[in-house]
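> Mind looking at a prediction? Sequence and model below.
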Amino acid sequence: MPDNVSNNAANTVSGNTGTNDTGRTKGPEELELEKQAAMARLRTDITKGQADSQKAIAEASKATAEAQRDLLQPPNVTTLAGNITSDGTFIESRILARKSLGTAVAALGEALKNDPFFQNKTDIRLALYNATDLPVIELYVGLSSQLFTLDKQFEAANTNINQLLDALVAAAATATTVAPEAPDMAKKFDLESLPAIPFTPSLAPAAGLGALGANPITIAYAGQAIIQTVMSLASLFRVNTSYNNFDLPVEDVALAAEFKKAIPIGWKLWHPAMFPANAIGQTESLASAFMSLLEKVLVQYNTAAGLLIKVNDKISQLSIALATETDATKKVALQRQLDQLSACLNALNALNSAFVQLQAMLATVDTATQATPLTTLLRAERLIALLKSGHTYIVKLSAISKGSNKVSQRLWSSAVIRHSAGTELNCLVFSPDGEIVFANTQLNYTPYLKPEEIRVRS
C-alpha cells in the first residue's frame, strides 16, 4: 500500500474528536458514518494502486515477450545476381538452327535422289524458284506478242500509205479528178489489239524454445516462425525456369548453299535471283529473239517517220488546192483524198505513239532494283531458254527455323541457359510446263543443349 494512503487514513480515523467546526459534539451515529466514509476512500485508493501495479507488470511482460519474439524472425534470404540478359538472339541458337537446317536439307537431298522420278538420272538441271521470275516470264511473253503485232501493223500501215501516195502521184500525172481507192486502214490493223502491259518489275539459426518460458503466445509465434524458416530453406532448392521462343530468319544464301551440298554430284543448280542464267555465256551468235523483234519494229517505226513527212506535205498541197478549186466535182475528189490521207496519218501516229511509250517503259530504271524492264526481260528470256534445254526443273524451297532459350535459375548459383532450335523445310519441284513432279517436307529438332555441348560442324 502506498505511504500517502496509509497516512491519510490514519489521520482521518485518529483525528476525529467528535467536535465539528461550530464546537458541537457529534453523536455516535454521525461518527460511525464518517468512519465508514473514510474507510471507503481508503479502499478505493488501495484498489487504484493495485490496478496501476498490475498494468505496469503486464506491460513489462509484453515487452519481454516481444523481445523474445523478435529473436524468432525468419531469415531474410537474398538471391545472387546471376541473371542472364541479351539484347538479341544468342549465337548458340543461330548455330543450332543452321545445323537443323543442314540436317533437314540433307534428308531432302536423299529423298530427291531416291525418288522414282529422278532415280538413276545424272544430267538433272535445277533452277531455284524466284518470286519475280514467273511474273517477268509472263511479261516477256506478253510484250513479245505485242511487239510481233506492232511489227505487222506497222508493215501494213507503211505499205498502205506508200500505195496511196503512189496512186495520188499517178492521178496527178494523168490529171484525173477521181481519187484513187485507198486501202481500208481499219481492216488492215486494229490498234485496240495493243493493250498496255504495265511493268511490275529486330540464415541465421533460430533461437531455442527453452529460453522462451511458458508464454503460449510466444510459443505459437515461434511455431509459425519455424514454418516460415522451413519454407525459406525449401526455396533455396527451388528452380525457376523461363522459356524464350523466337523466329530465326533463313537466309536465301544459306538455303541455296545447303541444297547445293545435298543434291547428287553431277546435278547442276542455278540461282537466277542471285546470278542470272547464262548472263556471261551469252554470245553474239545467240542473239536475243526479243531484241531482234524490237529492232525489227524500230526499223518499221523509222520508215513510218519518213512517210509521215510525205503525208503531211501531201495534205498541205491538197488543202491549198482544195481552197482554190472552184469546180465542185474536183473539190469532192480533193476532199476525198484529204480524208484518206488524214485517216492514214491518224493510224500511223497512233502506231508511233504506242511504240514510243513501249520504248520509254523498257528504258525506265526501277528505283528498287536499279535495273530497267528491258534488262529484266532479257533475264527472263535466258531463263526460258534454260528451261527449254531439257531435264531442267524449277525448285521451290521454303524453310522456317525457330529457336528457344531455356533459363534455369537457383538461389545459390548463377543462371544456367540451354539452347534449342528446329526447322521445317518444304520442297516442290515443277516441270517447265508447271506440273509438280516432286514434293517433300522435312522436320528437324535439336533438343536443349548447354553452350559447351554445342559443336560447330564444318
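Received the coordinates, thanks. Not measured: the values here are computed from a predicted model.

> hey, where'd the helices end up in this structure?
Counting by DSSP state H, the chain has helices at residues 3-14, 28-70, 91-114, 133-173, 185-188, 216-235, 252-262, 289-324, 328-363, 373-387.

> Check Asn302 and give its pLDDT.
Asn302 carries a pLDDT score of 93 in this model.

> Could you provide the helices of the chain in TSV, with additional columns for mean neighbour count?
C-beta: built from backbone N, CA, C; applies to glycine. Shown next, in TSV, are these (neighbours: other C-beta atoms under 10 Å):
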stretch	mean neighbour count
helix 3-14	12
helix 28-70	12
helix 91-114	20
helix 133-173	17
helix 185-188	14
helix 216-235	14
helix 252-262	17
helix 289-324	15
helix 328-363	16
helix 373-387	20
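
> Compare these and report which one is nearest to Val416.
Closest to Val416 of the helices of the chain is helix 91-114 (C-beta to C-beta; 12.9 Å).

> Against which helices or strands is the closest one packed?
With contacts taken as 3 or more C-beta pairs under 8 Å, 6 or more residues apart in numbering; DSSP states H and E, helix 91-114 sits against strand 240-248, helix 252-262, strand 392-409, strand 416-430, strand 436-449.

> want to throw the helices of the chain into CSV with distance to His271?
Formatted as CSV, those follow (distance: least, C-beta to C-beta, whole Å):
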stretch, distance to His271
helix 3-14, 113
helix 28-70, 76
helix 91-114, 15
helix 133-173, 11
helix 185-188, 47
helix 216-235, 57
helix 252-262, 5
helix 289-324, 23
helix 328-363, 25
helix 373-387, 11
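
> of those helices, which approaches Ile124 most closely?
Taking the helices of the chain one by one with C-beta to C-beta, helix 91-114 is closest: 9.1 Å.

> Just give me how far the closest one sits from the chain centre.
Offset of helix 91-114 from its chain centre (C-alpha atoms, centre = their mean, to the nearest Å): 23 Å.

> any low-confidence regions in the chain?
Scanning the chain for pLDDT under 70 picks out the ranges 1-24, 65, 67-89, 175-239, 277-287, 410-413, 456-458.

> Quick one: residues contacting Leu101.
By C-beta atoms under 8 Å, 6 or more residues apart in numbering, the residues touching Leu101 are 250, 254-255, 258, 399, 401, 423, 425, 444.

> Just the residues contacting stretch 311-326, thanks.
With C-beta under 8 Å, 6+ apart as the criterion, stretch 311-326 contacts 161, 165, 168, 331, 334-335, 337-338, 341-342, 344-345, 348.

> cutoff 7 Å now
161, 165, 168, 331, 334-335, 337-338, 341-342, 344-345 (C-beta atoms under 7 Å, 6 or more residues apart in numbering).

> Of the helices and strands packed on helix 91-114, which is nearest Lys296?
strand 392-409 (29.0 Å).

> Could you list the domains of the chain?
3-68, 91-200+248-453 (automatic domain parsing).

> Compare these and give me the one nearest Ser242.
Closest approach to Ser242 among the domains of the chain (C-beta to C-beta): domain 91-200+248-453, 4.9 Å.

> So what would you say the end-to-end distance of that closest one is?
14 Å (C-alpha to C-alpha, to the nearest Å).

> now it, how far from the chain's geometric center?
That offset, for domain 91-200+248-453, works out to 29 Å (C-alpha atoms, centre = their mean).

> about what we covered before: relative to Ile436, which of the helices of the chain is closest?
Closest approach to Ile436 among the helices of the chain (C-beta to C-beta): helix 91-114, 13.4 Å.

> Name the nearest residue to Ser144, ignoring sequence neighbours.
Phe290 (5.9 Å; C-beta to C-beta, 6 or more residues apart in numbering).

> Test my guess that that neighbour contacts Arg382.
No - using C-beta atoms under 7 Å, Phe290 makes no contact with Arg382, being 10.4 Å away.

> show me what contacts Lys268?
Taking C-beta under 7 Å, 6+ apart, we find Lys268 in contact with 125-126.
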